[in-house]
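>>> structure of the sequence below:
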Amino acid sequence: MQLIDGRPVYAATDLVGFLACSHRLALERAALAGLVEKPMRDDPTIELIARRGLAHERRYLDELRAAGRNVVEIQRDGSTATVGDELRAAAAETEAAMRRGVDVVYQATFFDGRWRGHADFLLRVESPSELGAWSYEVADTKLARRAKAGAILQVCSYVEQLARVQGKTPERLHIVLGGSARETATYRVADFMAYYRRIKAEFEAAVGGSEPVYPVTATYPEPVEHCDVCRWAVHCRAQRRRDDDLSLVAGISARQRRALKERGVKRRRELAVLQLPVRPPLEGVSGQSLQRVHDQALIQVEGEDEGRAKWDFIEPELADDGGLVADRGFLVLPPPTQHDLFFDIEGDPFALDDGVEYLFGVLEPDREDPGRPGQPLYHEIWSRDGHGSVTRAAEKAAFEQLVDLLIDRLDRHPEMHVYHYAAYEKAALGRLAQRHATREEEVDRLLRARVLVDLFRVVRQGIRASVESYSIKRLEPLYGLEREVELRSAGSSIVAFEAWLEGGTAENGEVGEDILRAIAGYNRDDVISNLRLRDWLEERRPELARRIGRPIPRPDEQAEATEPREPGEHERQVAAAVAVLTADVPAEASNRSPAQQDGWLLAQLLDWHRREEKAFWWRFFELAGMTDEELVDQREPLSRLELLDESEPMTKAGSRLQRYRYPLQDHALKVGRSVINPELVDDDGPAACATVHALDEVELIVTLKRSPAQLEKGNPKALIPLETISTAEIRRSLLRTAQGVIENGLDDAASRRAALDLIGRHPPRLGGGAGRTGTGAGTGKQALRRPGETPLQAAIRLGLALDGGVLSIQGPPGSGKTYTAARMIVRLVAAGKRVGVTANSHKVIANALDKVQEAAIQAGTPVRIGQRTGQEDDAVSPHARPVKANPEAAAALRDNELDVLGGTAWLWSREEMEGAVDVLFVDEAGQFSLANAVGVAPAGRSLVLLGDPQQLEQPLQGSHPPGAERSALGHVLGDDAVIPGHVGLFLADTWRLHPDVCAFTSEVFYEGRLASEPTLARQALVGVPPADGTGLRWLPVEHDGDATESIDEGALVAGLVRELLEAEARWTDRNGVSHAITLDDVVIVAPYNAHVERVAKALADAGYPGARVGTVDKFQGQEAPISIYSMATSSPELAPRGMEFLYSLNRLNVATSRARCAALVVASPALVRVACHSPRQMQLANALCRLVELATGERDLTDTPSGNSSDPTRVPEPALAGVQLSWLGESS
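Okay, the predicted model is just below:
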C-alpha cells in the first residue's frame, strides 16, 4: 500500500499479506499513517529474484514477438507530474490498445483511484465483449516452477479490473512458469473469483471501518505461520511477552486459551498458579489436558524466574497391574550403539503441486566426515536431477539412495537404530515408498523392526521443560548445542527453499548455491541436535529409575524382525510382472506413449491392496504408541473408555455385551465393525478384541459384543477400528490380467477387453449400428447420446449395444442413476443377457437389486435375482435369492438359474467367475477403486460404471503412484468435472434439487451443465427465516478454538430445528402438495463424528432425539426438504485433517445436495477468510465463498463485471447472537 493523491492505494500484494495476518494489516496502516516506524527486513535474495523475474518476462515477450504477435507496450517513464497522473495515463493507454484489438498488451495498467494493478500481459482471444468480436485474458510471468496462490490472487485482481474495462469476465487465466521448460499453467477464472471477492471484501471492510491507530487494539498478534517471514515478527513477539499471553505456553490449544480466558485466566502466570481441579469444569477441556498445560505454564514461569533452562520428569504411566506401561516416554529408548544413525528431512508441502521432500540428511557418528576432520559423517542427499532441478523423478532417486543407505547399515549392524524428531520422517518414508512404488519392503522392514525411534515421543511423554515450544531447537539449551547455521525456524527452511525455486536455481550461480548450502547446514545442525538430544535423554534414564525406585525397561525387540522378509510366490510373480510392464518406460509420464502409460498403470495397480494394508498397519502401530490423551485427538480411535456394565451371556458361545462411556471425541468406529485394543499386541500381532454392537451418539456410550476369549484379555481403555480384510482373490485377478497382457499384448486380450479399455480410458465398444463399432473404439469424438434422445433412452440403447469395453455413466445428485441402471438391466435381461451387479457394500448392492425388481414389475418382465451374502448382518435385498457360497453363485449363473446376481468384488474377482455375465454393473463407481474395478472386470464381457466422482470420494488409507489412487469412474473422468460426451453419459437433469439449489450445484461442481426438472420449481418451504423459501442459506457463527466439534454450532442447529417444528413449518413438493415439516424432513450433516455427537446431544437436550444427523457417507443417496451442513471447525488452521478434508468439494456437494428446497450451511465466518497456499486450496475455498455469495445475495449467477472496485461487496453478518432464528432476515 502507498499514498497516492493523498489517499491510500492498494495492490494485490496487500491482499496476500492480509490473508496471512489481519494484525499485520493494522500495523502496516499505522506505519503508512506515520504512527509507527515500519521495520526493515534485509533479504539478499529479493534483488536476485527481481532481476531474474524481469529476464523471464522479457524472454516470454520475445517469444510472443517472434511468433508474429502484435505487441503494444505500456510505458511508465515517470514523465508525468505525480504518480497518480502516471497511473491514470497508463490505464488510459491500456484501454485504448484493447479497444484497437491488438494481439498483446504488455505491462497493462489498471487504476481506479483506490486499487492499482500491472498485468504482465493481456492476450487477445476471439470471444466477443464490449470491445468488439474479441476480448482479453491475463497472462502473468512467474519464475516459480509451479503456480502459487499469491500469483493467482494477484491475477484475479487484474481479471476484475479487466472485466470492468471490457464488460466481460474472461474464462481463463494463465501463469507463465519459470525453469527451462517455461510451461504455462492455465486455470478457469470461475474457480477463484468468489474467493478473491471474499478476501477483497474483508480487506475493504478492515481498511474502511476506522482510521489507523497505534498501539493496535482491534486485533491481537496471535502467532501464525506468516510470522516466519514477517517484518513485524519481533514487534509482535515482544508484545506477547509483555502481555505474558497464554499463547506462550507450549502446547496450549486455542480452545484451552478461550476457555481459560472466559474464566478470567488471561496470562501465563495466572495459569501457573491456578488451583485445580476447576469447578465447574471448563467446557470442552478435559481435566487431564488442563493439568498438562498448567504444569507446563508452571515450569516455564519457574525457569524464567530462575534464569535457566529448567526441566522435570513426567511420572511414567502405570498399567492396571502396577507395572510401567510399555512404549511410553523413556521406555521408548532402545540401547544405544555406536552404529546408530540420526535422520532429518527437509520438505516443502507446496512445491510440485502436492509437496516434495527435497533434502534427506543422515548423520553417521561412527564414521568421520572427510570434509570435517574429527566430525561425524553427514550424508546430504538432494532431490535434484542432472540439471540441478528438483523433480519428482529426482525425489524418487534420492529416496532410494536414502533407504539403501539405511538398509545397508542395518544389514551390517542389526542392533542399530535410526533416530529422528517428530512423526514427519517416519510418515514421509511410508508415503514416498508408496507414491513411487519403490523400496516398499525395505521401509516395511524398518518399521516392522522398530528401527526408527521418535525422540519427540520420548520428550513429550517423558519430560516437561521451560520452553515455549517443543521444537528441537527450543530444547537445545538443555544439552548446550550451538548451531552453525541460524534459520529462524523450521519453516524458514521452506522459505529459503522457495526463494531458491524462485530465483536461486543452479543457473544463477553462487547465490543460488549459497541458499542450498544454508539449508544443508541447517539440516546438518538438526541431525547433530538429534544425536545430542538422544545422549542427554540416555543420561537422564538412571535418574528417572532412582526417582521411581525401579528400573526403566528397554523396548521388547525381536531380532528376527530386522531380517529381510522372504517374498511369497504371489509377490515374486507380481515383482516379475511389474519389471516387464515398466521396462524401458520413461520416468516422466509426459514422455510415455499411451501403451507405455497403460502398462505402467496396470503395474502400479498390482500392489494397490498391499499398499493399503501396509498403510493401515503402519498407522495402527503409530496409534498403539500413543497415550490416552494423545489418542483422543486422533481421528480413528475411541479413547478414555469407562466400563458401565456387562450383560449375561447372549449366545451359546458365551458372548456378552459390554457398555462403555467415552468423552466426546472424533472417531471412526462403525456398528458391525471389529475393533482392536492397542494394548494387546502379542507376537502374532493385534487381534480383534470386540465387535461394535451399538453406538449411542447422544449419551456417548459404545456397546461391544465380546467372546469369552476376548473377555479373558481384559477390558480395553481404547479401541482402534480394524479396517483390513483379505484381498487375495482381487490381487490374483489383477495378476492374471497383467500376465495376459505380458503374454498377448494390450490389444490381444479379448477375455480382458473391458479391464484394459478401462485402464486406457477408451470409449465404449458398440455393435449393432449403435454409432461406434468395436474396431473404431477410442478413435472418434462423436457424442454417444443422439440428438433428441433422453439420457435414459441413450443409456438403454448403449447398454444393449455394448460389445466389450466400458460404458461410463455419471449421475449427479438426484439424477436417477440407480433408476437408470435398473431399467438398463431389465432391458438386458429381456434381451437374454446375464447381468452382474457389484459395489463396495452389500447395502448398495441390495438397494440396486430392489430397484431392478421395481423396474421389472413396471416393465412386466420377470427377472430372477440373486445376491451373494456373507455375514448374518449383511444387507440383502428381500427380492433376491440368498446365495451362501461362491461355487453356488457360479453354478446359478452357469445353469441359467439367475438372470441378475449381486455380489462384492470378493465374488466377481474369482477365477471361476471370469466371463460369468455379459454385462457387469459397478454401482457407486466414484468410490470403487480402479484396482478393484480392473480386478472384477474379467467377470463380464462388458462393464458399466455408474456413479459420480464429484460426490463421495473413494476411501484411501495409503499413498499410491499417480493414477493408481483414483476410483474407477474418477480415472475415466481424469481432471474433468463432467464426463466428456464421447466417453460416457452425463445424466444432466436432477429430479431432486429446486432450481435455486441446483444453480449452485451446477455452477460449482458440474460446469453449469446440471439442470433442475421443471416441476421442481414448485418445491418450497413455508416456515420461519432462515429456513423458508428456497435456495441456499449462510448462517455464520463466531467461535474460537474448535477443531472437530463446536458447542455454538450444535446449539444453533438445535435451536433452528426446534423453531421449525414449533412454528409448524410446511413444505410443498413438486406436485404442489403441502406437507407439515417433521423431524425426518431435516438432514443434518457434519464433517466429523465428534460433531455428529455434539449436534445429536444438543438436539436430544432440546427434545428431539432420533434426528437424522451424520457424516456425509451416511446420507449418500438420501434427500430431505431441508439440509443443514454444520462445519464445526473454528478456523482453517484448526482443521485436523487439513483443507482437503474440511473444504472437500465432494463433501460440500453431498451435504448441500441432499436438499429438495433449502440448503443451510452453519459455519465459522473465519472459514471464508482462509490463507491459501496453492491453487488447489483456492479452488476448495472458492466453492464455499461462492455459496456465501449466492446465499447472501452478494453476487448472482449472471456474468457481470464487478464494477467500480472502490465500492466493496457486502460482508455477511459476522455472528449470530443466539439460537432464536426468526429475526435473521428475509427469505430468498
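>>> from the contact counts, what lies against the lengthiest strand in the chain?
If you go by DSSP state E, the chain has its longest strand at strand 356-369. Using 3 or more CB pairs under 8 Å, 6 or more residues apart in numbering; DSSP states H and E, the elements in contact with strand 356-369 are strand 341-348, strand 372-382, helix 392-412, helix 510-548. Where C-beta positions appear, they are placed from N, C-alpha and C, glycine not excepted.
>>> now render those as JSON lines, adding mean pLDDT.
Shown next, in JSON lines, are the helices and strands packed on strand 356-369 (pLDDT from 0 to 100):
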{"stretch": "strand 341-348", "mean pLDDT": "95"}
{"stretch": "strand 372-382", "mean pLDDT": "95"}
{"stretch": "helix 392-412", "mean pLDDT": "96"}
{"stretch": "helix 510-548", "mean pLDDT": "92"}
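>>> quick one: which of the ones you listed is nearest Pro594?
With CB to CB as the criterion, Pro594 lies closest to helix 392-412 of the helices and strands packed on strand 356-369, at 20.2 Å.
>>> give me the contacts around the closest one.
339, 341, 343, 352, 356-358, 360, 362, 364, 379, 381-385, 416, 418, 429, 432-433, 436, 438-439, 442-443, 445-446, 449, 451, 562, 587-588 (CB atoms under 8 Å, 6 or more residues apart in numbering).
>>> pick the most buried one from the helices and strands packed on strand 356-369.
Scoring those by mean neighbour count under mean count of other CB atoms under 10 Å gives strand 341-348 as the most buried, with a mean of 23.
>>> so what strands line up beside it?
strand 356-369 (antiparallel), strand 418-420 (parallel) (DSSP bridges).
>>> which residues of the stretch 901-1050 of the chain fall in strands?
917-922, 940-947, 984-986, 989-990, 1011-1012, 1020-1022, 1031-1036 (DSSP state E, counting those that start in this stretch).
>>> also the stretch 1-150 of the chain?
2-4, 7-9, 71-73, 104-111, 116-125, 135-141.
>>> circling back to that earlier point, can you tell me which of the strands paired with strand 341-348 is most buried?
When these are compared using mean count of other CB under 10 Å, strand 418-420 is most buried, at a mean of 24.
>>> could you give the average pLDDT over that strand?
Mean per-residue pLDDT for strand 418-420: 98.
>>> next SSE after that strand?
helix 424-435 (DSSP states H and E).
>>> looking at the strands of the stretch 901-1050 of the chain, which is closest to Glu743?
That would be, of the strands of the stretch 901-1050 of the chain and by CB to CB, strand 940-947, which comes in at 20.1 Å.
>>> and the closest one, how far out from the chain middle?
29 Å (CA atoms, centre = their mean, to the nearest Å).
>>> so what secondary structure elements neighbour it?
helix 753-760, strand 805-810, helix 817-830, strand 917-922, helix 968-973.
>>> do a quick rundown of the strands in the stretch 1051-1200 of the chain.
Going by DSSP E, counting those that start in this stretch, the stretch 1051-1200 of the chain shows strands at 1066-1068, 1074-1076, 1082-1085, 1108-1110, 1120-1126, 1155-1163.
>>> for Glu93, find the nearest of those strands.
strand 1155-1163 (44.8 Å).
>>> who touches Leu898 in this structure?
Leu898 neighbours (CB under 8 Å, 6+ apart): Arg834, Arg864, Ile865, Gly866, Arg881, Ala892.
>>> any idea how far it is from Glu588?
Distance, Leu898 to Glu588, by CB to CB, to the nearest Å: 48 Å.
>>> Leu734 touches Ser929, doesn't it?
No: look at Leu734 against Ser929 with CB atoms under 8 Å: they stay out of range, at 11.0 Å.
>>> show me how the protein divides into domains.
2-208, 244-308, 329-555, 610-721, 745-987, 995-1192 (automatic domain parsing).
>>> what's the spacing between the third one and its chain's center?
Centroid separation between domain 329-555 and its chain, computed with CA atoms, centre = their mean, is 26 Å.
>>> correct me if wrong: Ala297 contacts Leu276.
No: counting by CB under 8 Å, Ala297 sits too far from Leu276 to count as a contact (11.6 Å).
>>> give me the subset of the contacts of Leu898 lying in helices.
Among these, the members falling in helices (DSSP state H) are Ala892.
>>> what about Arg673, distance to Val698?
Look at Arg673 and Val698: by CB to CB, they are 20 Å apart.
>>> mean neighbour count and mean pLDDT added to the helices and strands packed on strand 940-947, as CSV?
Formatted as CSV, the helices and strands packed on strand 940-947 follow (neighbours: other CB atoms under 10 Å; pLDDT from 0 to 100):
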stretch, mean neighbour count, mean pLDDT
helix 753-760, 25, 95
strand 805-810, 28, 97
helix 817-830, 23, 98
strand 917-922, 25, 98
helix 968-973, 26, 98
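>>> which one of these lies closest to Ala709?
Among those, strand 917-922 sits nearest to Ala709 (CB to CB), with 38.6 Å.
>>> for the closest one, packing partners?
Partner elements for strand 917-922 (3+ CB pairs under 8 Å, 6+ apart): helix 817-830, strand 835-838, helix 930-936, strand 940-947.
>>> 6 Å instead, please
Contact here means 3 or more CB pairs under 6 Å, 6 or more residues apart in numbering; DSSP states H and E; on that basis strand 917-922 packs against strand 835-838, strand 940-947.
>>> for Ala925, find the nearest of the ones you listed.
strand 940-947 (3.8 Å).
>>> give me the number of residues near Ala931?
28 (other CB atoms under 10 Å).
>>> pLDDT wise, what is the nearest residue to it once chain neighbours are set aside at?
Nearest non-adjacent residue to Ala931, counting by CB to CB, 6 or more residues apart in numbering: Trp608, 3.7 Å away. Note on Trp608: pLDDT of 96.
>>> could you do Trp618 as well?
86.
>>> Ala147 too?
As predicted, Ala147 sits at a pLDDT of 85.
>>> would you mind measuring from the residue nearest to Ala931 to Gly113?
58 Å.
>>> how many other residues sit next to the nearest residue to Leu711 once chain neighbours are set aside?
Excluding the flanking residues, the one nearest Leu711 by CB to CB, 6+ apart is Arg656, at 6.5 Å. By other CB under 10 Å, the residues close to Arg656 number 18.
>>> reformat the strands of the stretch 1051-1200 of the chain as TSV; add mean pLDDT and distance to Met824.
TSV is the format used below for the strands of the stretch 1051-1200 of the chain (pLDDT from 0 to 100; distance: least, CB to CB, whole Å):
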stretch	mean pLDDT	distance to Met824
strand 1066-1068	95	33
strand 1074-1076	95	32
strand 1082-1085	98	29
strand 1108-1110	95	30
strand 1120-1126	97	28
strand 1155-1163	97	26
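>>> okay, and the helix or strand of the protein with the least pLDDT?
Of the helices and strands making up the chain, the lowest-confidence element is helix 490-503, at a mean of 66, by mean pLDDT, DSSP states H and E.
>>> if we can go back for a sec, the residue nearest to Leu711 and Leu643 touch, don't they?
No: Arg656 is beyond contact range of Leu643, at 11.7 Å (criterion: CB atoms under 6 Å).
>>> for Pro649, what are its contacts?
Residues in contact with Pro649 (CB atoms under 6 Å, 6 or more residues apart in numbering) are Arg656.
>>> name the SS class of it, please.
Three-state call for Pro649 (DSSP: H, G, I helix; E, B strand; the rest coil): coil.
>>> how near is the closest residue to Arg941 other than its chain neighbours to His762?
Leaving aside its sequence neighbours, Arg941 sits nearest to Asp918 (CB to CB, 6+ apart; 5.3 Å). Counting by CB to CB, the separation of Asp918 from His762 is 19 Å.
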